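[1] Pasting a predicted model and its sequence here:
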Amino acid sequence: MKNKESKIRLWLKKKVNVKGVRFSIWVAFIVFTLVILGFAWLTQVFLFDVYFTSYRISNLEKDSSALVSAYSNIDYKTTFTDYAKSENVTLFVLESDGGDLSVKFFSQESQYGTSGVLTLTTKSGKEIKRAVSEFVASGEKSFILNSEMDDSVTYVCALGNKGSEFLVIHYDLGQINSTKEMLITQMWIFTATVVVLSFIISFMISGMISKDLENLSHSAEEFAKGKTDIKFKESGFSEIKELATTLNYATAEVSKAETLRRELIANVSHDLRTPLTIIKGYAELIRDISGDKPEKRNQHLDSIIKETDRLTVLVRDMLNLSQLESNAGEIKREVFNLSYTTNRVKDSFKVFEELNGYHLFADVEEDIQVLGDPTRMELVLYNLISNSINYTGEDKTVFITLKREGERVRFGVRDTGKGMDSEQAKLIWQRYYRAKEHVRAVVGSGLGLSIVKAILDSHPQVDYGVNSKIGEGSEFYFSLPIAKNEDNLQE
C-alpha cells in the first residue's frame with residue numbers, strides 16, 4: 001500500500017511541477033476561464049436588474065411618441081391594447097378634473113379595477129397617481145417614476161393640447177424575477193460545464209507543449225554530456241519546431257567544429273613533431289659526429305635553425321588566430337597606401353623565386369589609399385600569397401593583382417593548382433579545416449586563411465571570397481572602399 005502511495009506521489013510530483021511550463025500554462029488557462037465566467041456573472045446576473053430596467057425605460061420613451069400620435073385616431077384603443085399585450089405592460093389614458101383623476105382607458109382590468117372601472121386605490125394605483133402628480137409638477141414633456149413601493153416603472157406624458165389628459169405606461173418589474181431565476185440556473189450549468197472543459201482542455205494543451213519542451217530538454221542534457229550526434233525532435237508548435245531546428249543546426253556546427261578540432265590537433269601535432277624530431281636528430285649528430293667538423297656542424301645547425309623558424313611561424317599563427325577570434329588587441333583605423341604594402345609583401349617572397357623556382361607576377365595599380373589596420377592588412381596579403389604559393393601547380397606560378405573598381409579597390413591572388421569545388425570553397429575559411437590535398441607547406445602554418453577571415457571580418461565594408469574550379473586553380477580576393485578626403489581628416 002505504501003509502495004503504491006509512493007508511486008502516486010512521484011507521478012504527481014512529475015506531472016504537477018509548480019515551477020514548470022505545464023503547470024503555469026494550466027493555471028493561466030484556468031485563471032483566464034474564471035475571469036471570463038466572473039465577467040459573465042457580473043453582466044448577466046448581478047447587473048441584470050439595472051440593465052433590464054434601463055432597457056425597458058429606453059423602449060417606453062421611444063414608443064410613447066407613436067402612441068401619442070395614435071391617440072388622435074378613432075381606433076386608438078385597439079392600438080393601445082395590442083401594444084400593451086405585446087410589451088407586457090399596462091397602458092392608461094387618465095383625465096384630470098379639478099385635481100381628481102378618472103380613467104378614460106386602460107388595457108387590463110385585473111389588478112386595477114373591475115368592469116372597466118379603475119379605482120386607483122391599490123398600491124400600484126397609488127403609485128400611478130403619484131407619477132402623474134409629479135409629472136404635472138415637473139413641467140417636463142415626460143416623466144418616469146421608478147418605484148420601490150410596488151417594484152414598478154411608470155412612464156407619464158401628456159395627450160392632446162388640453163393638458164388634462166395623460167398617457168401612462170406601467171410596467172411591473174416583478175415579472176423579471178422568474179426570468180432572472182431561470183437565467184441563474186442556466187448560468188450555473190454553463191459555469192460548471194465551462195470549468196470542467198477548461199480543466200480538461202488546458203491540461204491537454206499544457207501537456208502537449210510541455211512534452212515537446214521536455215523532449216528538447218532531455219536531448220539538450222544528452223548533448224551536454226558530449227553526444228554531439230543527438231537529434232532534437234522537430235514537432236509541436238511552430239516556435240518549438242524553430243527552436244529544435246536551431247538546436248539541430250547548432251549541434252551540427254558543434255559536431256563539425258569538434259571534428260575539425262581533432263583534425264587540427266592531429267595536424268598541429270604532426271607539424272610540431274616533425275621539426276622537433278629533426279631538431280633532436282641534428283642536435284644528436286652535432287653532439288656525436290659533427291661537433292668537431294665545422295662544415296658538417298654548420299649544415300646541421302642551419303637545419304636546426306630552419307626547423308625552429310618553422311615552429312616559430314606555427315606558434316605565431318596560432319597565437320594570432322586566437323587573439324583575433326577573441327577580439328583581443330586594438331584594431332587601428334588609419335589611411336595607408338595599399339599599393340605600397342602589396343609590393344612590399346610581394347618582394348618578401350623573392351627568396352622563393354631565387355631558391356625554389358617560383359614565379360610571382362604582379363599587376364599593382366599605384367597609390368591606392370585605404371582606411372584600415374595596416375599591420376593586420378599586411379598579414380592578410382602575406383597569408384593569401386603564401387597560401388597560393390603552397391597550392392599552385394607544377395609551373396610554380398602565382399598572379400597578384402590590385403586594381404581600382406569605381407570607389408573600391410580589389411586585391412586578388414591566383415594560383416594554377418588543382419582548384420576546388422563549391423562545397424570545399426565554403427569550408428576553407430573554417431578555423432580547423434585543412435584541404436585533403438594539403439602537402440607540407442613551403443611557407444606558413446596551415447592557419448593562414450582562418451587568420452585572413454578573422455581580420456577581414458573585423459574591417460567594415462569588406463567583401464572577400466574565392467573563385468575556383470576543379471583543374472583551373474583558385475583566386476582568393478577581397479575588396480574594400482578607397483579612402484576619402486574626410487578619412488584623412490578624421491585620422
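    Everything's here; your move.
[2] in the stretch 151-300 of the chain, which spans are helices?
    176-224, 238-288, 294-325 (DSSP state H, counting those that start in this stretch).
[3] Also the stretch 1-150 of the chain?
    2-15, 21-41, 48-70, 76-87, 123-138.
[4] I'd like to know which of these is closest to residue 206.
    Of all the helices of the stretch 1-150 of the chain, it is helix 21-41 that lies closest to residue 206, at 3.9 Å by C-beta to C-beta. C-betas here are computed from N, CA, C, even on glycine.
[5] Give me the angle between the closest one and helix 48-70.
    40 degrees (axes from the mean of the first three to the mean of the last three C-alpha atoms, to 10 degrees).
[6] ok, and what's touching helix 21-41?
    Contacts to helix 21-41, defined as C-beta atoms under 8 Å, 6 or more residues apart in numbering, come from residues 15-17, 187, 190-191, 194-195, 198-199, 201-203, 205-207, 209-210, 213.
[7] Flag every buried residue along that helix.
    Going by neighbour count (16 or more other C-beta atoms under 10 Å), the buried part of helix 21-41 is 22, 25, 26, 29, 33, 37, 41.
[8] likewise stretch 44-53?
    44, 48.
[9] go on, stretch 138-146?
    In stretch 138-146, counting by 16+ other C-beta under 10 Å, buried: 142, 143, 144, 145.
[10] For the stretch 351-491 of the chain, give me the ranges with low pLDDT.
    For the stretch 351-491 of the chain, the stretches with pLDDT under 70 are 430-446, 485-491.
[11] residues in contact with the nearest residue to residue 472 once chain neighbours are set aside?
    Counting by C-beta to C-beta, 6 or more residues apart in numbering, the nearest residue to residue 472 once its immediate chain neighbours are dropped is residue 419, at 5.1 Å. By C-beta under 8 Å, 6+ apart, residue 419 lies in contact with 468, 469, 470, 471, 472, 473, 474.
[12] Distance check, the fifth one against residue 417.
    What that stands for is residue 472. Residue 472 sits 9 Å away from residue 417, going by C-beta to C-beta, to the nearest Å.
[13] Kindly report the same for the second one.
    In this view, residue 469 and residue 417 are 11 Å apart by C-beta to C-beta.
[14] about what we covered before: quick one: which of the buried residues of stretch 138-146 is nearest to residue 464?
    residue 144 (85.2 Å).
[15] Pretty sure residue 155 is one of the things that closest one touches, is it not?
    Yes: between residue 144 and residue 155 there is a contact under C-beta atoms under 8 Å: 5.4 Å.
[16] Of the helices of the stretch 1-150 of the chain, which is nearest residue 426?
    Going by C-beta to C-beta, the one of those nearest residue 426 is helix 21-41, 38.1 Å.
[17] Centre of the chain to that closest one, how far?
    Chain-centre distance of helix 21-41: 25 Å, with C-alpha atoms, centre = their mean, to the nearest Å.
[18] How about residue 222, nearest residue that isn't a chain neighbour?
    Closest to residue 222 by C-beta to C-beta, 6+ apart is residue 230, at 4.9 Å.
[19] For that neighbour, give me its contacts.
    219, 222, 223, 251 are the contacts of residue 230 under C-beta under 8 Å, 6+ apart.
[20] Look at the spatially closest residue to residue 333 that is not a sequence neighbour and tell me its secondary structure.
    Of all residues not flanking residue 333 in the chain, residue 371 sits nearest, at 6.3 Å (C-beta to C-beta, 6+ apart). Three-state call for residue 371 (DSSP: H, G, I helix; E, B strand; the rest coil): strand.
[21] now residue 371: how far from residue 401?
    Relative to residue 401, and taking C-beta to C-beta, residue 371 is found at 21 Å.
[22] what's the answer for residue 170, then?
    As defined by C-beta to C-beta, residue 170 lies at a distance of 104 Å from residue 401.
[23] do residue 409 as well
    Counting by C-beta to C-beta, the gap from residue 409 to residue 401 is 11 Å.
[24] Who has more neighbours out of those two?
    Under the neighbour definition other C-beta atoms under 10 Å, residue 409 and residue 401 were set side by side, and residue 409 has more, 21 against 17.
[25] Residues touching the helix or strand harbouring that one, excluding its own?
    According to DSSP states H and E, residue 409 maps onto strand 408-415. With contact meaning C-beta under 8 Å, 6+ apart, strand 408-415 is reached by 338, 342, 365, 368, 370, 381, 384-385, 387-389, 391-393, 397-403, 473-482.
[26] Pull out the CA atoms of that strand and give them to me as PDB.
    Written as PDB, here are the backbone C-alpha positions of strand 408-415 (Å, rounded to 0.1, in the frame of the first residue of the first chain):
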ATOM      1  CA  ARG A 408      36.500  50.400 -54.300                       C
ATOM      2  CA  VAL A 409      39.800  48.600 -54.700                       C
ATOM      3  CA  ARG A 410      40.100  44.800 -55.400                       C
ATOM      4  CA  PHE A 411      43.000  42.600 -54.500                       C
ATOM      5  CA  GLY A 412      43.400  39.200 -56.000                       C
ATOM      6  CA  VAL A 413      45.900  36.400 -55.900                       C
ATOM      7  CA  ARG A 414      45.600  33.400 -58.300                       C
ATOM      8  CA  ASP A 415      47.400  30.100 -58.400                       C
END
